[in-house]
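Visitor: Need a 3D model of the following:
(one chain, ligands or ions: 1)
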Amino acid sequence: MARLALVTGGQRGIGAAISEALLAQGRRVIASYAGNDAAAAEFTARTGIPCVKFNVADYDSCAEALARIKAEHGPVEILVNNAGITRDAMMRKLTRTWWDEVIDTNLGSCYNMCKVVWDDMNASKFGRIVNIGSVNGQAGQLGQVNYAAAKSGIHGFTKALAQEGARNQITVNAIAPGYVDTEMVRAVPADVLEKIVARIPRGRLGRAEDIARGVAFLTADDADFITGATLSINGGQHMY
Ligand code: CAA
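Guide: All right, here's what the predicted structure looks like:
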């Protein structure tokens, strides 16, 4: 049977492109989502990929959802931790609530999701995990102390877990996307975004498919010697 992939935040933006790329690669794919029922229904109708609603920031919600998925479809063998949010503000306006929301959703989710699939991946001696970081976790970004900290944390998390998984053929890698043409980036004020794009050597925003291509590469069955790596896909914006 085809391997089972789970993509968090997998029905919109970069996540949707990842889900579709993995499906095209012959995987069975499930997309998780947090709240947008209409977008999830539209995505399933268009792609045939089932969507499961749960909160990646909440451990119990992840554990409960993954138990249901396992009972219905079997254990998850490919996990893409893509779900993420922004709460951009300069430090003087950054509230503790916005700090917590971003850390819990973007970084805490990696712990929650990896933890609930980890025993099965070790038992089967196969696993592919890709965590979606960010150029702003590598380079920092004004107005994103919370987001940069969470994404930077993802890069460290990835390297540590890769060392633990290696003995059982579990690879753990990160992708650091640059500015990709999604709703999240379109929310950046136009004048600020214009200046950011002017600093991208490739001269354009990324496309969701540019990132999905990297995920398909890193999760291939024969990609088993690539682990602990961070693949930057940013049009040359930051060379790390
Ligand atoms: N250094 C220091 N201060 C600066 C500055 C700089 N480079 N640029 C501006 N400032 C100052 C301004 O002078 C102003 O100060 P005064 O009020 O004293 O004049 C102050 O900063 C502006 O602060 P405000 O809080 O009033 O600004 P704002 O509310 O209008 O907007 C912001 C702040 C929300 C951070 C806005 O600038 C913004 O959205 N920036 C973009 C952040 C960004 O790139 N987000 C990426 C989202 S996409 C993503 O995250 C995906 C990914 O992985 C790449």
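Visitor: longest single strand anywhere in the chain?
Guide: For the chain, the strand reaching the highest residue count under DSSP state E is reported as strand 170-177.
Visitor: measure the residue positioned nearest the centre of the chain to the ligand for me?
Guide: The centre of the chain sits closest to Asn82, judged by Cα atoms, centre = their mean, with a distance of 1.7 Å. Counting by Cβ to the nearest ligand atom, to the nearest Å, the gap from Asn82 to the ligand is 11 Å. Quick note: C-beta positions are derived from backbone N, CA and C, even for glycine.
Visitor: who's in contact with that residue?
Guide: The contact partners of Asn82, taken as Cβ atoms under 8 Å, 6 or more residues apart in numbering, are 7-10, 14-15, 18, 132.
Visitor: Measure how buried the residue of the chain found nearest the ligand is and give me the count.
Guide: The chain approaches the ligand most closely through Gly143 (2.2 Å), counting by Cβ to the nearest ligand atom. Here the number of neighbours of Gly143 (other Cβ atoms under 10 Å) works out to 18.
Visitor: helix/strand/coil for it?
Guide: State at Gly143, reduced to three classes by DSSP: H, G, I helix; E, B strand; the rest coil: coil.
Visitor: Skipping adjacent residues, who's closest to it in space?
Guide: The spatial neighbour of Gly143 that comes closest, neighbours along the chain excluded (Cβ to Cβ, 6 or more residues apart in numbering), is Asp88 at 4.7 Å.
Visitor: Verify the stated contact: the one you found with Tyr147.
Guide: Yes. Taking Cβ atoms under 8 Å as the definition, Asp88 is a contact partner of Tyr147 at 7.0 Å.
Visitor: Could you check which of those two has the larger neighbour count?
Guide: A direct count of neighbours by other Cβ under 10 Å for Asp88 and Tyr147 places Tyr147 higher, at 25 against 20.
Visitor: what's the helix or strand hosting that one packed up against?
Guide: Tyr147 belongs to helix 145-165 when assigned by DSSP states H and E. Counting contacts by 3 or more Cβ pairs under 8 Å, 6 or more residues apart in numbering; DSSP states H and E, helix 145-165 packs against helix 96-102, helix 109-124, strand 127-132, helix 135-139, strand 170-177.
Visitor: Done for today, thanks.
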